[in-house]
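[1] fold the stuff below for me.
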Amino acid sequence: MHIFNNFLSSTAFANMTFGNALMIAIGIIFITLAIRKDYEPLLLVPIGFGVVVGNIPPVEGMLLSVYDQGSVLSIIYGGVSQGLFPPLIFLGIGAMTDFSTMLSNPKLVLLGAAAQIGIFLTLLGALYLGFDPAEAGAIGIIGGADGPTAIFLSAKLAPHLLGSIAIAAYSYMALVPVIQPPIMKLLTTKEERLIRMKAPRHVSQREKIIFPIAAFLIAALIAPGAIVLIGMLFFGNLLKESCVTERLANTARNAMIDIVTILLGFSVGASTQAQTFLTPQALLIFGLGALSFSVATAGGVIFAKFMNLFLKDKINPLVGAAGVSAVPDSARVVQMVGQQEDPHNFLLMHAMAPNVAGVLGSAIAAGVLWSVLVV
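    Got it, this is the predicted structure:
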C-alpha cells in the first residue's frame, strides 16, 4: 500500500480539482463546436486541446506547465507573452488580403472605424468596474474581434490578464455567425437589407503597390505603437501585390501562418489553468468582451444607416457589421444574412472593405492605447 500510495501521489489525479475538470470539459466543448458546428475550427481545435492539456495538474518537481519557467510549454508560450506570434499572424493576413474593394470605395473605411467604438466604450466600462487604465485598455481591444491584436496589447499592458483576454477574443471571433446576425436583423429593416450596391471599380496594380507603403507611413505616424502589427500586415500585402515575391507571399499566407496559428492557439489554451483562470476577474472580462463585440457590430450597422442619410448611392447597412476585425468571417456573415433576404444580392466583396479596414482600425487603436496607457 505504501508503494501504491507513492505511485498515486505521483499522478495528476492527486492534484485534480473541480476547476481543472471544468476547464477540461470546456476545452472538449470548444473542440466539439469546432468539429460539429464548424465554428472557426482552425482556432477552436488548437485552443480547445490546449485547454485540456493545460489543466492536467502538474506533478511537484516536474517542469510541465506554461507557468513553469524552462518547460517546453513555457518556451512555446513565450511567442505569445513576448508578442512574437501576433505580428507573424499579421504578416500572413497581409499576404492573403486584397485591399481592392476598400480602395475602390474608400468611404467604406469609415464603417471599419465606426466599429471600433466597441473598444473605447468597453474601456470605459472596465474602468467603471474597477480595472486600472492599462487593464481596461487591454480588455477593451476585445471589441475589435482581433485575436492577435488583443494578445499583442494585453502582453504589453496587462500580461497577468493575457490568458483570459486571449480566450475571450478568440471565443467571440469563433462565435461571429452566432452573435452578429440577431444584432444585424434587429437594427435593420427588410428594405435596408435588400439594398443592392454598385459593383466596385477596377483598381490598378500601381494603386495596389503604392497603397501598403503609403498606408503604413500614415498609420505609423499616427500610432507609432502599432508599427510592428501594421508594418508586418503591409509588408505581407506588398509581398503579394508586387508580383515578384510570390514564393515569399505564398509561404507567409500558407505554411507560416498555419504553423503560428497552431502554436499560438495551443499555447493560449494551455495557459488557462483553472487555478489562475477561473476567477471573478476572468468572468468580468468575458462579460465585457461580449458587450464590446456586440457594441462594435451595432456601431458599424448604425453608422452605415447614418451615412445613407447623405449618400445618393446607398450602402446596405448589413455591410457595417463587417467593420469588426474578424476576417473574413464577418464579411461571410454579411453575405449570408443578405442572401437570406435576396439570394441574388452579393455583398461579400463590399463587406470585405470595412472588414480589412477594421483590422487596420483595431491595430491603430491598440497602438494608441499602448502609447497612452503604458506605465
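[2] could you measure from the residue sitting nearest the centre point of the chain over to Phe303?
    Centroid-nearest residue in the chain, with CA atoms, centre = their mean: Asp146, separated by 2.1 Å. Here Asp146 is placed at a distance of 19 Å from Phe303 (CB to CB, to the nearest Å). Where C-beta positions appear, they are placed from N, C-alpha and C, glycine not excepted.
[3] that older thread, report pLDDT for the residue nearest to the centre of the chain.
    At Asp146, the model reports a pLDDT of 80.
[4] now the nearest residue in space to it that is not next to it in sequence. Its backbone dihedrals?
    Leaving aside its sequence neighbours, Asp146 sits nearest to Ser325 (CB to CB, 6 or more residues apart in numbering; 3.6 Å). Backbone torsions for Ser325, taken as degrees, to the nearest 10, come to phi -90, psi 10.
[5] list the contacts for Ala304?
    111, 114, 315-320 (CB atoms under 8 Å, 6 or more residues apart in numbering).
[6] swap the cut-off to 6 Å and go again
    111, 315, 317, 320 (CB atoms under 6 Å, 6 or more residues apart in numbering).
[7] looking at those, state which has the most neighbours.
    In terms of neighbours by other CB atoms under 10 Å, the contacts of Ala304 top out with Gly320 at 32 neighbours.
[8] contact partners for that one?
    111, 300-301, 303-304 are the contacts of Gly320 under CB under 6 Å, 6+ apart.
[9] do Leu108 as well
    353-354.
[10] picking that back up, the residue nearest to Asp146 and Gly358 touch, don't they?
    Yes. Using CB atoms under 6 Å, Ser325 is in contact with Gly358, at 4.3 Å.
[11] more neighbours: those two, which one.
    Comparing Ser325 with Gly358 by neighbour count (other CB under 10 Å), the higher total belongs to Ser325, at 34 against 30.
[12] the closest residue to Asn308 other than its chain neighbours: which element?
    The spatially closest residue to Asn308, leaving aside those adjacent along the chain, is Lys314, at 5.0 Å (CB to CB, 6+ apart). Assigned by DSSP states H and E, Lys314 falls within no helix or strand.
[13] what's the burial count for Lys314?
    Considering only other CB under 10 Å, Lys314 is surrounded by 16 other residues.
[14] for Ala126, same thing?
    Using other CB under 10 Å: Ala126 sits among 23 other residues.
[15] now it. Nearest residue, chain neighbours left out?
    Ala136 (3.6 Å).
[16] how near is that neighbour to Val260?
    Ala136 is 28 Å from Val260, by CB to CB.
[17] ok, the two, which is more surrounded?
    Counted by other CB under 10 Å, Ala136 and Val260 do not tie: Ala136 has more neighbours, with 23 against 20.
[18] residue contacts, the more buried one?
    123, 126-127.
[19] dump the residues you listed into CSV; add distance to Leu103 and secondary structure as well.
    Supplementary listing: the contacts of Ala136 in CSV, determined by distance: CB to CB, whole Å; DSSP: H, G, I helix; E, B strand; the rest coil:
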residue, distance to Leu103, secondary structure
Leu123, 31, helix
Ala126, 35, helix
Leu127, 37, helix
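[20] between those residues, which is nearest Gly287?
    Taking CB to CB as the measure, Ala126 is the one of the contacts of Ala136 closest to Gly287, at 10.3 Å.
[21] pLDDT value on Asn6, please?
    68.
[22] actually, Ala34.
    91.
[23] ok, now which ones touch it?
    Neighbours of Ala34 in contact, by CB under 6 Å, 6+ apart: 41, 44-45.
[24] just checking, Arg193 touches Gln339?
    No. At 10.0 Å, Arg193 does not count as touching Gln339 under the criterion of CB under 6 Å.
[25] neighbour count: the two, which is higher?
    In this view Arg193 and Gln339 are compared by other CB under 10 Å, and Arg193 has more residues nearby, 20 against 15.
[26] give me the nearest residue to the more buried one, chain neighbours excluded.
    Glu341 (4.5 Å).
[27] which one of the contacts of Ala136 sits closest to Met184?
    Closest to Met184, out of all of these and judged by CB to CB, is Leu123, at 24.1 Å.
[28] now do the same contact list for the closest one.
    136-137, 140.
[29] how far away is the residue of the chain most remote from its centre from Pro159?
    Centroid-distance maximum for the chain: Met1 at 51.7 Å, with CA atoms, centre = their mean. The spacing between Met1 and Pro159, counted by CB to CB, is 45 Å.
[30] go on, Arg253?
    Arg253 is 29 Å from Pro159, by CB to CB.
[31] residues near Phe120, how many?
    Per other CB under 10 Å, the neighbour tally for Phe120 reads 18.
[32] mind listing what it touches?
    For Phe120, counting by CB under 6 Å, 6+ apart, there are no contacting residues.
[33] which SS class is Asp38?
    coil (DSSP: H, G, I helix; E, B strand; the rest coil).
[34] just how off-centre is whichever strand or helix holds the residue nearest to Ala126 within its chain?
    Assigned by DSSP H and E, Ala136 belongs to helix 133-140. What separates the centre of helix 133-140 from the centre of its chain is 16 Å, taken as CA atoms, centre = their mean, to the nearest Å.
[35] right, and the helix or strand after that helix?
    Taking DSSP H and E, what comes next after helix 133-140 is helix 147-157.
[36] isn't Glu135 up against His160?
    No. Look at Glu135 against His160 with CB under 6 Å: they stay out of range, at 8.5 Å.
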